[in-house]
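Asks: Structure of the sequence below:
(chains A and B)
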Amino acid sequence: MIKEKFHTLINHPQSNSLKFRLIVSALLMTFIILPIIGFTLSNAFERQIVTSIKKELTAYSYSILAVAEVNDGNLFMPEQLLENQFNVIQSGLYAIITDLNTELNETYRQLWHSHSLLSMGSPTISTLPKVGQSNFSTLIIDDNKHFIFSFSASFNSNNKEFPLSVHIIKNYDDFTGLVTDFEQQLWTWLLILMALLFLVQGIWLGWTLQPLRVLKSEMIQVEQGKLAELQHTYPLELAQVTQQLNLLLRTESQQRKRYKNALSDLAHSLKTPLAVIQSQQELTLSSIEQLQLINNIIVHQLKRAQSAGESAWHTGINVKAVVDKLMATMTKIYFDKDIEFHCVIDSQASFKGDEADLLEILGNIIDNACKASKQHIAISVNQPAKQLTISVADDGAGINTELQTDILNRGTRSDTYKEGHGIGLAIVRDLVDSYQGQLILGNSSTLAGAEFTLIFYK
Amino acid sequence: MRLLLVEDDLALQNNLKESLIRANYSVDVASNGQEGLYQGEEYCYDAAIIDVGLPIVDGISVIKSLRAKNINYPILVLTARDSWQDKVAGLDAGADDYLTKPFQNEELLARLNALIRRSVGQTKPMLSNGALSINSKNFEVTVDNKVISLSSSEYKLLAYLMLHKGDVISKSVLTEHIYDQDFDLDSNVIEVFIRRLRKKLDPHSDYNFIETHRGLGYQLKIIDDQ
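Replies: Residues are numbered from 1 along each chain as shown, chains lettered A, B, ... in the order given. Okay, the predicted model is just below:
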């Protein structure tokens, strides 16, 4: 049962954290080990005290025996004993001498008792040790607990054996007082120690886990695109990991850049000759069409190849910055239209992907909207849980359902390009697909034109 | 109108220059960024066409340097890199429009025409002043709806005056904006062209479109449309 509970506890998702483990071991140390130490110490102290009491009582018994005299079968004791506690009534230290009836062991006669025992109930002694032996135990007198040490000896008077037992009885109170005192001290200090340890462990925990906390926050910043790489100086154990991570981030972006540049150069070297051909005067309509087709294929395929896609490591891109750049660009390109942008943009919204891809997607969509619109374009960007939604609406003529499917299907195969149809939306669709996003076409409810909605899942 | 064309591909440069000249522009060419930057700073152009991928100094840097020196004529960027990232970078650097290679000459001319008109605050391709109007798209000049046939130099002169109507423009400015750098500069030539223009546009001196301000230059008077 307990084992099962323990298993469910350590398999709990929360327990799969360093913090949890450290806290559990710290609590274990403070609240289990320390009390065990406390109990052991107080136990040892108690035993030590009992031993010393036994020694003390043994010594008293010897001193009593030393003053006892036996004559003609009679015991003579001095009126006053050397140890004053035996003479003071109810002092807490008492002595009794009984005979040792060896034949009939069950009864005994009390031969003498110290003055201190006067006016107290006579104790019932249960064990009488054999001659030469001793016994140490406890007994109750008047409902109070006492230690009792019994020692039996045999006197020789007139060649006659006279066996007797000396019983030294000591009040338990001294002992209880000592032990209680000690325990009070012990537990007070242990509690202080616990509190101190708890505090120290808390600080130590914070100190040890601090680099991990920094790492976590830096990773979040990298993901959101606020940092290019991890910058904090990490402790040795983490440094290896963070350095590798930085290397990965760096090489990844360099490789992507190199790849993109290579593809751009390829596009450049293919398109300049095309431009030369097209700038000639004596071109027939069909060769212009063919040139356009070749160009479209180059553009589409190279862009598809350039897309970073979802698989690569991505830092977050601030969507607002990209939209702002594009709006400034569109304002220049469509200067004559005097387009008004109406924006509702979550400034924190971020796109997990390549900036060039987002520029391409939004550039094409906003460009389309600018072409279609009369004057107004509405852009909204919001970021509900685990999702990024961008929508661009215009006040143009809108698109009918048939054309919507046509636009979305266009360019699925490279030989289906038609002259006069922009390939921008086909590229957008490919890019959105590569990020497993969604492109939804519809008509705007507010501006009456077309509305393109992009949804990216995180 | 005088243009600067910076393009490193000589075949494309030649073809473009030819079609621009046919469209009544005076064209200076440069084959690399450094040369383009020098010319762009030295002469007062009406517009520049700059390729992005240039040797020595790339097109974006050329545009940035020109804009940093407060040179404000419109710039059209030509680029084979047609991603929006490149377009945004070009326009962000200070260009006013872009055209991706390959393009059709008509497209280039239309964009250029629009840019130049836009730079002087004209938005329509038809420029008119009273009875006189010119169509910057097909270079047709009419007075009282009668088409007037002008030579290329005469058209350039009239178009420049029309774009800056009301301003007094000196002979040297006219020379600078109408002829490319290879032209033999002789101020008498402008006087000759002005005389011919007046004769063709207004043979009976009914309108007096162009006024001479002695020692200052010429002015196309603003005439209200009735």
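
Asks: drop to CA atoms for contacts and neighbour counts, all remaining ones
Replies: Fine.

Asks: Any idea which residue of chain B lies closest to chain A?
Replies: residue B:102 (3.9 Å; Cα to the nearest Cα).

Asks: quick one: the helices in the stretch 351-458 of chain A?
Replies: A:355-372, A:401-409, A:424-434 (DSSP state H, counting those that start in this stretch).

Asks: Redo those as TSV? Include mean pLDDT, distance to residue A:260 and mean neighbour count.
Replies: As requested, the helices of the stretch 351-458 of chain A are arranged in TSV below (pLDDT from 0 to 100; distance: least, Cα to Cα, whole Å; neighbours: other Cα atoms under 10 Å in any protein chain shown):
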stretch	mean pLDDT	distance to residue A:260	mean neighbour count
helix A:355-372	87	10	22
helix A:401-409	69	26	13
helix A:424-434	81	15	20
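
Asks: Please name whichever of the ones you listed is nearest to chain B.
Replies: Among the helices of the stretch 351-458 of chain A, helix A:355-372 sits nearest to chain B (Cα to the nearest Cα), with 5.2 Å.

Asks: got the angle for that closest one vs helix A:424-434?
Replies: Here helix A:355-372 points in a direction 140 degrees away from that of helix A:424-434 (axes from the mean of the first three to the mean of the last three Cα atoms, to 10 degrees).

Asks: Helix A:355-372 packs against which elements?
Replies: Secondary-structure packing of helix A:355-372 (3 or more Cα pairs under 8 Å, 6 or more residues apart in numbering or on different chains; DSSP states H and E): helix A:319-333, strand A:387-394, helix A:424-434, helix B:84-93.

Asks: The helix or strand that the last one is followed by and chain A, any residue contact?
Replies: What it means is helix B:84-93. Note on helix B:84-93: by DSSP states H and E, the next helix or strand toward the C-terminus is strand B:97-100. Yes - using Cα under 8 Å from any Cα of the partner chain, strand B:97-100 reaches chain A at B:97-98.

Asks: Can I get the helices and strands packed on helix A:355-372 in CSV including distance to residue B:2?
Replies: Converted to CSV, the helices and strands packed on helix A:355-372 look like this (distance: least, Cα to Cα, whole Å):
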stretch, distance to residue B:2
helix A:319-333, 22
strand A:387-394, 38
helix A:424-434, 34
helix B:84-93, 22
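
Asks: Excluding covalently adjacent residues, which one is nearest to the residue in chain A that chain B sits nearest to?
Replies: Per Cα to the nearest Cα, residue A:275 is where chain A lies closest to chain B, at 3.9 Å. Counting by Cα to Cα, 6 or more residues apart in numbering or on different chains, residue A:275 lies nearest to residue B:102, which is 3.9 Å off, once chain neighbours are set aside.

Asks: what residues does chain B put near chain A?
Replies: Taking Cα under 8 Å from any Cα as the contact definition, chain B meets chain A at B:9, B:11-12, B:15-16, B:79-85, B:87-88, B:91-92, B:96-98, B:101-105, B:123.

Asks: Buried subset of those residues as a ChimeraX selection?
Replies: Burial among the residues of chain B next to chain A is assessed by 16 or more other Cα atoms under 10 Å in any protein chain shown; the matching ChimeraX selection reads:
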select /B:9,11,12,15,16,79,80,81,82,83,84,85,87,88,91,92,96,97,98,101,102,103,104,105
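
Asks: where does chain B have low pLDDT?
Replies: B:123, B:181-187, B:224-226 (pLDDT under 70).

Asks: For it, identify the residue most remote from the centre.
Replies: residue B:204 (30.2 Å; Cα atoms, centre = their mean).

Asks: Now do the same for it: helix, strand or coil?
Replies: Using DSSP: H, G, I helix; E, B strand; the rest coil, the structure places residue B:204 in coil.

Asks: Please report how far the residue nearest to residue A:275 lies from residue B:78.
Replies: 9 Å (Cα to Cα, to the nearest Å).

Asks: residues contacting the nearest residue to residue A:162 once chain neighbours are set aside?
Replies: Spatial nearest neighbour of residue A:162, excluding adjacent residues (Cα to Cα, 6+ apart): residue A:155 at 4.8 Å. Shown in contact with residue A:155 (Cα atoms under 8 Å, 6 or more residues apart in numbering or on different chains): A:70, A:161-164.

Asks: next one: residue B:134
Replies: Residue B:134 makes contact with B:126-128, B:140-142, B:159, according to Cα under 8 Å, 6+ apart.

Asks: what's near enough to touch residue A:111?
Replies: A:75, A:96-99.

Asks: What is the nearest of those to residue B:3?
Replies: Among the contacts of residue A:111, residue A:96 lies closest to residue B:3 (Cα to Cα), at 134.3 Å.
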